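kindly return the folded structure for what I paste below:
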Amino acid sequence: MGPLPQRRADIKPQELGPAALRQINILDVIRELGKTLQFRHRLVGTGITEWLSRDATGQMVDETLYGADAAKIVASLGRIVETVQPHHRQARLDWNNRKYALMESVELPL
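Alright, predicted model coming up:
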């Protein structure tokens, strides 16, 4: 196994394989002077979009997409960016139409 990716440019999708690509979610960090960090879904794998019954690719992480949970999600993503440390997330998907759904993820800074 080679070195772990340090930047988004180091990730080569063809090396991940189809099973991993189905479950990947890559976010862009948007920095604007004087504004709070914002996040946009760059790529959401087909496994995730099928499970959630929606494709968030290209959409902002905001109230439109996540409802009342948006602020909490943005805050935790901001901590990942600031600390450059991974985050383990377990959450109920109250913003989804299947409120019984649970999700678990490992979120990594690049």
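
any idea of the mean pLDDT in the helix ranked longest in the chain?
In the chain, with assignment by DSSP state H, the single longest helix is helix 70-83. When pLDDT is averaged over helix 70-83, the result is 93.

buried residues, it. List them.
70, 73-74, 77, 80 (16 or more other CB atoms under 10 Å). To be clear about C-beta, it is placed using only N, CA and C from the backbone, and glycine gets the same treatment.

and for the helix or strand bottoming out on mean pLDDT in the chain, what are the contacting residues?
Ranked by mean pLDDT, DSSP states H and E, the weakest helix or strand in the chain is helix 13-16, scoring a mean of 78. The contact list for helix 13-16 (CB atoms under 8 Å, 6 or more residues apart in numbering) reads 21, 24.

what about the helices in this protein?
13-16, 18-21, 46-52, 63-66, 70-83.

quick one: which of those is nearest Lys35?
Of all these, helix 70-83 sits nearest to Lys35, with 11.8 Å by CB to CB.
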